[in-house]
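**Q** sequence first, predicted coordinates after that:
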Amino acid sequence: MKCTAMIQAVMTHWQVAPNKANFGTFKMPKSMAQYQWEVGTYFPDKEAFIEAIRTYGVQSGRRLKLQKNDKRRCRVICLGGKGKCSWFAYCAYMAETHIWQLRRINDKHKCSREFNVKMLNAKWLSGRLENTLRDNPSLRAIDIRNKVTRKWNIAVTKSMARRAKTLAVEQVDGSFVEQFSRIYDYAHEILRSNPGSTAKVKVEGNEGEKYFSRFYMCLKACKDSMISCRPFIGLDGCFLKHKYGGELLTAVGRDANDQMLPIACAVVEVENKDTWTWFLELLIDDLGGPDICAAYTFMSDQQKVWILFLHSFVMSIYC
């Protein structure tokens, strides 16, 4: 009788999962600050359980820690109240159903909220910043820290805020590496959707590993529009402020309404004589060759370039 009473007391205190089959699957609520855990709740995998625990720890301000974390079990404890808090949760893998289940839980805290939550990391925070970045792409790290402090009353370091923004930007805009790996697809799509256009891609490296070097684009409509434009072309370049840097070279004309007309652009590794020569060679070919381009007036960095200089440059390329 004493053993039976003791087992019942332990089950009542720990909320051990009974042998029932009708348990619900966990669904992330809008807020987990006051979430009531239920023994027997199913989770698709261990990562879903850890994500729920991390969200609960951040939004409730609890100092949770993964005490056990392996392929068969996951035990979480609370270190609040100088380690005297008795809250814990135990989730185990069910081999029969290939699913994880919350087996034991003591959902009573003896501690208060804390400002520094160790369960918070950059990956979790980045998932909560995606919608904010879509509305405000210029979001700064200080804005992220203020937003987290106001919403959940927890602290975020500057480095974590920067890492979270970087991860969120990759989720919203895609990875720079993946985008550069599809540069050929982008060039072929330009040629398919704009017949008569020019798209050139230059790469470096061997057959096993190639690196992006330069990209040139001139649309067919821009080429045709130069017939009715003034014989004037402005050249300029600017820095690209992204992870891999580079330079953007542009050629702009003036139409009959005295409006700017984009003619061609190129992304190159650096702005020097070699890259400008490569850009101008392609531009001259698109505009009809050296004979036609010799009649144009070019301006670079707001300084006029004499026709005689342009003619000598064109002749040096083609002769």
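**A** Alright, I've got the coordinates.

**Q** can I get stretch 72-87 in PDB, CA atoms only?
**A** Output for stretch 72-87, consisting of C-alpha atoms alone and laid out as PDB, is shown next (Å, rounded to 0.1, in the frame of the first residue of the first chain):
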ATOM      1  CA  ARG A  72      16.500   8.800 -27.600                       C
ATOM      2  CA  ARG A  73      15.800  11.400 -25.000                       C
ATOM      3  CA  CYS A  74      15.900  15.100 -24.300                       C
ATOM      4  CA  ARG A  75      15.700  16.500 -20.700                       C
ATOM      5  CA  VAL A  76      15.300  20.200 -20.000                       C
ATOM      6  CA  ILE A  77      15.700  21.800 -16.600                       C
ATOM      7  CA  CYS A  78      15.400  25.300 -15.200                       C
ATOM      8  CA  LEU A  79      18.400  27.000 -13.500                       C
ATOM      9  CA  GLY A  80      16.500  29.900 -12.200                       C
ATOM     10  CA  GLY A  81      16.300  30.900  -8.500                       C
ATOM     11  CA  LYS A  82      20.000  30.000  -8.100                       C
ATOM     12  CA  GLY A  83      19.400  26.500  -9.300                       C
ATOM     13  CA  LYS A  84      16.500  25.800  -6.800                       C
ATOM     14  CA  CYS A  85      13.700  25.800  -9.400                       C
ATOM     15  CA  SER A  86      12.100  22.400  -9.800                       C
ATOM     16  CA  TRP A  87      10.700  22.900 -13.300                       C
END
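
**Q** so for that stretch, what's the average pLDDT?
**A** Taken as a whole, stretch 72-87 has a mean pLDDT of 90.

**Q** buried residues in that stretch?
**A** 74-80, 85, 87 (16 or more other C-beta atoms under 10 Å). Glycine gets a C-beta too; all of them are placed from N, C-alpha and C.

**Q** tell me the contacts of the residue most central in space within the chain?
**A** Centre of the chain computed as the mean C-alpha position; nearest residue by C-alpha atoms, centre = their mean is E170, 1.0 Å away. The contact partners of E170, by C-beta atoms under 8 Å, 6 or more residues apart in numbering, come to F176.

**Q** helix or strand for it, which one?
**A** Following DSSP states H and E, the helix or strand that holds E170 is helix 158-173.

**Q** pull the CA atoms of the helix or strand just after that helix into PDB?
**A** Secondary structure here is assigned by DSSP H and E; on that basis, the next helix or strand after helix 158-173 toward the C-terminus is helix 176-181. What follows is the C-alpha trace of helix 176-181 in PDB, where atoms were taken according to Å, rounded to 0.1, in the frame of the first residue of the first chain:
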ATOM      1  CA  PHE A 176      24.600  35.400 -52.100                       C
ATOM      2  CA  VAL A 177      26.500  32.100 -52.900                       C
ATOM      3  CA  GLU A 178      23.400  30.500 -54.300                       C
ATOM      4  CA  GLN A 179      22.500  33.600 -56.400                       C
ATOM      5  CA  PHE A 180      26.000  33.700 -57.900                       C
ATOM      6  CA  SER A 181      25.800  30.000 -58.700                       C
END
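
**Q** what average pLDDT does helix 176-181 get?
**A** 78.

**Q** contact partners of it?
**A** Residues external to helix 176-181 that are found in contact with it (C-beta under 8 Å, 6+ apart): 170, 212, 242-244.

**Q** distance-wise, check S175 relative to R54.
**A** Using C-beta to C-beta, to the nearest Å, one obtains 24 Å as the distance from S175 to R54.

**Q** quick one: which of those two has more around it?
**A** Under the criterion of other C-beta atoms under 10 Å, the comparison of S175 against R54 puts R54 first, with 20 against 12.

**Q** any stretches of this structure with poor pLDDT?
**A** Segments of the chain classed as low confidence (criterion: pLDDT under 70) are 1-22, 302-319.

**Q** mind splitting it into its structural domains?
**A** Domains of the chain are assigned by automatic domain parsing as 2-106, 122-174, 196-318.
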